[in-house]
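In: let's see this in three dimensions:
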Amino acid sequence: MRRQRFAKIVATLGPASSTVERLRELFEAGADVFRLNFSHGTQDDHRQRVELLRGLEQEYNHPIAILMDLQGPKLRLGSFAKGPLELKKGQKLRFDMDKAPGTAKRIPLPHPEIFAAAKPDGLLLIDDGKVRLRIAAHTEDTIDTVVEVAGPISDRKGVNLPNLVVPLSPMTPKDRKDLDYGLSLGVDWVALSFVQHAHDIAELKKLVAGRAAVMAKLEKPAAIEHLDEIIEQSDGIMVARGDLGVEMPPEAVPPLQKRILAACRAAGRPAIVATQMLDSMVHSPTPTRAEASDVATAVYDGADAVMLSAESASGDYPVEAVTIMDRILKSVEADPLYRRLMDASRREPEATTADAISAAARQCAHTLAAAAIVTYTSTGSTTLRAARERPDVRILCLTPSLDTARRMTLTWGVHPIHGEDAQNFADMVQRAVRVARKEGMAKVGERLVITAGVPFGTPGATNILRIAYV
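Out: Predicted coordinates for the structure are as follows:
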């Protein structure tokens, strides 16, 4: 299942993609990572999907990554006494914590954290930003607002606070139960919603305790103020553009996407670009040209992976969506401009042995026109360093850890293989050559650039570079 591209595809599973036949079609079409959205479906639904994916992993003898996406807190209005309300511009409206059904003058908002965060001139956005209200005054249990953008509101509509930091843990009781269940199933990545500070990720990492890699979903403006710290704490990043686009002006999202991807690459963290990438394909067999350009832009920006949400979870054309995304990725990577952009955005390596070896491996592979770079790793750190260099050949990741092999399927340019670790120098070369030939990554007469750490099996000790003939 060696892909003929560097960037990866994440496919969300749901009612349209839960049979073994459909999962096989998605995998063969190009899906590298499968996302379980715990905002929808039951725990038993997710268990069945994990079992089917692990069966496919055995069938194809290739690691498959499973990403569980925690729902996170949902801020919503209460109910209304007489159905939906039509708000008018300039209208005054009070929010309070009284559970009584709402009227034209007051609306229940059962979230004390919002009242604690309220400030004059703060904004309340309702129903994905369709209705906007500005805070005029507030007390401990009331918020008085003025309608700036009119529209209808109704029971349980979502509430966003774009310019306020809400003192709310991203982990709800439901999330904690789901997390325990997902880890018991053996998921490889855990994505956390509503991240505002680096300590949100630190809290999750304590609960995960190394059983999976942790991903921060960047969907709150507050997170951008602490971007570097969040990236440092995380194992990966998801650019959740849908929620960012609600809480920020639409024109602010594209440059922010580029900034986040550049910061992730500099830190050596895999990054996913998500939300509405091929949204029209939920009900259409082909995407719009604008959507194809959007996917391409994420790849030109250096994203490790691009993600399908409803397109593959509940859409009418899940396999077609993966197929066209695969074609877009290949087309971009065949463009000479793509290679120039990857080279131009490369940063100077840090003054460490591991970084020096990884930078030299890329240069050697380019100069010698090597078939591939082979990395020996136990934790994935050696492979991540190689991927950060964005070489012009693929990276064959050899690891004795099945968990590491699965997690590395998300990383740019990486083809992971689970097997025994090398025992000595001779075994290192022989094993690399044998696996590269078996996986179709090198032919007789070609060269491989091999990186590893001595003593073998020592995490983060990349200190060897070897060039081998096949």
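In: got the domain ranges for the protein?
Out: Per the record, the chain has its domains at 8-72+169-334, 85-160, 353-469, by automatic domain parsing.
In: out of those, which is closest to R2?
Out: Evaluated with Cβ to Cβ, these place domain 353-469 nearest to R2, the distance being 5.6 Å. Backbone N, C-alpha and C define where each C-beta goes, glycine included.
In: possible to save the domains of the chain as CSV with mean pLDDT?
Out: Converted to CSV, the domains of the chain look like this (pLDDT from 0 to 100):
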stretch, mean pLDDT
domain 8-72+169-334, 96
domain 85-160, 93
domain 353-469, 93
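In: can I get those domains in a markdown table including distance to D343 and mean neighbour count?
Out: Conversion of the domains of the chain to a markdown table gives the following (distance: least, Cβ to Cβ, whole Å; neighbours: other Cβ atoms under 10 Å):
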| stretch | distance to D343 | mean neighbour count |
| --- | --- | --- |
| domain 8-72+169-334 | 11 | 20 |
| domain 85-160 | 39 | 16 |
| domain 353-469 | 8 | 20 |
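In: let's have those domains in JSON lines, adding distance to M342.
Out: Below are the domains of the chain laid out as JSON lines (distance: least, Cβ to Cβ, whole Å):
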{"stretch": "domain 8-72+169-334", "distance to M342": "7"}
{"stretch": "domain 85-160", "distance to M342": "35"}
{"stretch": "domain 353-469", "distance to M342": "4"}
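In: show me what the helix or strand harbouring R176 is packed against.
Out: With elements taken from DSSP states H and E, the one containing R176 is helix 173-185. Using 3 or more Cβ pairs under 8 Å, 6 or more residues apart in numbering; DSSP states H and E as the contact definition, the elements that helix 173-185 packs against are helix 43-60, strand 65-69, strand 189-192, helix 198-208.
In: so where do the helices sit in the stretch 201-350 of the chain?
Out: Defined through DSSP state H, counting those that start in this stretch, the helices belonging to the stretch 201-350 of the chain, from first to last, are 221-225, 227-233, 241-247, 253-267, 289-300, 310-313, 318-333, 336-344.
In: what's the closest of those to T139?
Out: Set against T139 and scored by Cβ to Cβ, the helices of the stretch 201-350 of the chain come closest in helix 221-225, at 23.5 Å.
In: and the contacts of the closest one?
Out: Defining contact as Cβ atoms under 8 Å, 6 or more residues apart in numbering, one finds that helix 221-225 is touched by 162-163, 165, 195-197, 216, 218, 230, 244, 247-248, 256.
In: same check on stretch 277-284?
Out: If you take Cβ under 8 Å, 6+ apart as the criterion, stretch 277-284 is touched by 287-288, 291-292, 294-295, 298, 306-311, 314-317, 320-321, 324-325.
In: and the two most separated of the contacts of helix 221-225?
Out: N163 and A216 (20.6 Å).
In: thinking again about what came up before, out of the domains of the chain, which gets nearest to R346?
Out: Each of the domains of the chain has some distance to R346 by Cβ to Cβ; the shortest is domain 353-469, at 6.4 Å.
In: now the end-to-end length of that closest one.
Out: Start-to-end span of domain 353-469 (Cα to Cα, to the nearest Å) is 24 Å.
In: before we move on, what about stretch 386-405?
Out: From its first residue to its last, stretch 386-405 covers 15 Å (Cα to Cα).
In: before we move on, what about stretch 291-309?
Out: One end of stretch 291-309 to the other measures 14 Å (Cα to Cα).
In: returning to what we had before: nearest to F6 among the helices and strands packed on helix 173-185 would be which one?
Out: Comparing the helices and strands packed on helix 173-185 against F6 with Cβ to Cβ, the closest turns out to be strand 65-69 (16.1 Å).
In: who's in contact with M68?
Out: By Cβ under 8 Å, 6+ apart, the residues touching M68 are R35, L36, F38, H46, D178, L179, G182, V187, W189, V190, A191, A212.
In: try it again at 7 Å.
Out: Contacts for M68 (Cβ atoms under 7 Å, 6 or more residues apart in numbering) come out as L36, F38, G182, V187, V190, A191.
In: gap between the residue nearest to the fifth one when sequence neighbours are not counted and T288?
Out: In this structure, V190 finds its nearest non-sequential neighbour in A212, 5.0 Å apart by Cβ to Cβ, 6 or more residues apart in numbering. In this view, A212 and T288 are 35 Å apart by Cβ to Cβ, to the nearest Å.
In: you'd agree A212 is up against S184?
Out: No: counting by Cβ atoms under 7 Å, A212 does not reach S184; the two are 11.1 Å apart.
In: save the helices and strands packed on helix 173-185 as a markdown table, and put in distance to A344 too.
Out: Written out in a markdown table, the entries for these read as follows (distance: least, Cβ to Cβ, whole Å):
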| stretch | distance to A344 |
| --- | --- |
| helix 43-60 | 36 |
| strand 65-69 | 30 |
| strand 189-192 | 30 |
| helix 198-208 | 30 |
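In: quick one, phi/psi of D421?
Out: Geometry field for D421 lists phi and psi as phi -80, psi 160, criterion degrees, to the nearest 10.
In: my guess is it contacts P400. True?
Out: Yes: using Cβ under 7 Å as the test, D421 is close enough to P400 to be in contact (4.2 Å).
In: before we move on, back to that, between the helices of the stretch 201-350 of the chain, which one is nearest to I107?
Out: The stretch from those with the least distance to I107 (Cβ to Cβ) is helix 241-247; that distance is 19.2 Å.
In: packing partners for that closest one?
Out: helix 253-267 (3 or more Cβ pairs under 7 Å, 6 or more residues apart in numbering; DSSP states H and E).
In: so the helix it packs on versus helix 336-344, what angle?
Out: With axes from the mean of the first three to the mean of the last three Cα atoms, to 10 degrees as the basis, helix 253-267 and helix 336-344 are set at 50 degrees to each other.
In: I'm done for today, thanks for sticking with me.
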